[in-house]
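A.B. asks: model the structure of this input:
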Amino acid sequence: QVQLVESGGGLVQAGGSLRLSCAASGRTISYYAMGWFRQAPGKEREFVAAHNWRGDTYYADSVKGRFTISRDNAKNTVYLQMNSLKPEDTAAYYCAADRQLANGPLNALSYDYWGQGTQVTVSS
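C.D. replies: Sure, this is the predicted structure:
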């Protein structure tokens with residue numbers, strides 16, 4: 001079992017930055033793929049970024065060039081650095097983990113373990 005706890009969300013003005021953290025416990029994440037997803041009110045959960053166990057990274061087109069996913073295996077933590085934030089980035093952000101990614105890194109169904117989410121609100 002892997003427990004995931006997100007932090008770092010908050011209210012920021014458009015153009016600002018935030019760094020989300022996802023602290024894992026129960027298992028080392030070294031052999032896990034880690035992903036970030038987000039869900040805005042009334043919308044489906046959508047893929048944001050992922051980092052697999054080989055070091056490959058994946059980004060949604062909407063965040064490419066603005067967001068960066070990274071991991072510190074020694075701290076068992078994954079980060080999402082978000083720059084040049086836009087109002088449309090407003091959502092609850094969720095961290096996820098999985099060892100196999102049976103449906104690929106972009107698919108939420110691939111991930112067995114999820115955090116409780118952290119809210120990001122970007123004001124215009």
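
A.B. asks: does residue 93 touch residue 35 like I think?
C.D. replies: No. Look at residue 93 against residue 35 with CB atoms under 8 Å: they stay out of range, at 10.9 Å. C-beta here means a position set from N, CA and C on the backbone, and glycine is covered the same way.

A.B. asks: who has more neighbours out of those two?
C.D. replies: A count of neighbours by other CB atoms under 10 Å puts residue 35 above the other of residue 93 and residue 35, at 29 against 23.

A.B. asks: residues in contact with the residue nearest to the more buried one when sequence neighbours are not counted?
C.D. replies: Here the nearest residue to residue 35 in space, its sequence neighbours aside, is residue 50; by CB to CB, 6 or more residues apart in numbering that works out to 4.0 Å. The contact partners of residue 50, by CB atoms under 8 Å, 6 or more residues apart in numbering, come to 33-36, 57-58, 69, 105-106.

A.B. asks: want to try a markdown table for the residues you listed, with secondary structure as columns?
C.D. replies: As requested, these are exported to a markdown table (DSSP: H, G, I helix; E, B strand; the rest coil):
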| residue | secondary structure |
| --- | --- |
| 33 | strand |
| 34 | strand |
| 35 | strand |
| 36 | strand |
| 57 | strand |
| 58 | strand |
| 69 | strand |
| 105 | coil |
| 106 | coil |
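
A.B. asks: CSV for the residues you listed, including distance to residue 78 and pLDDT?
C.D. replies: Conversion of the contacts of residue 50 to CSV gives the following (distance: CB to CB, whole Å; pLDDT from 0 to 100):
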residue, distance to residue 78, pLDDT
33, 10, 96
34, 4, 96
35, 9, 97
36, 8, 98
57, 11, 97
58, 13, 97
69, 7, 98
105, 13, 91
106, 16, 91
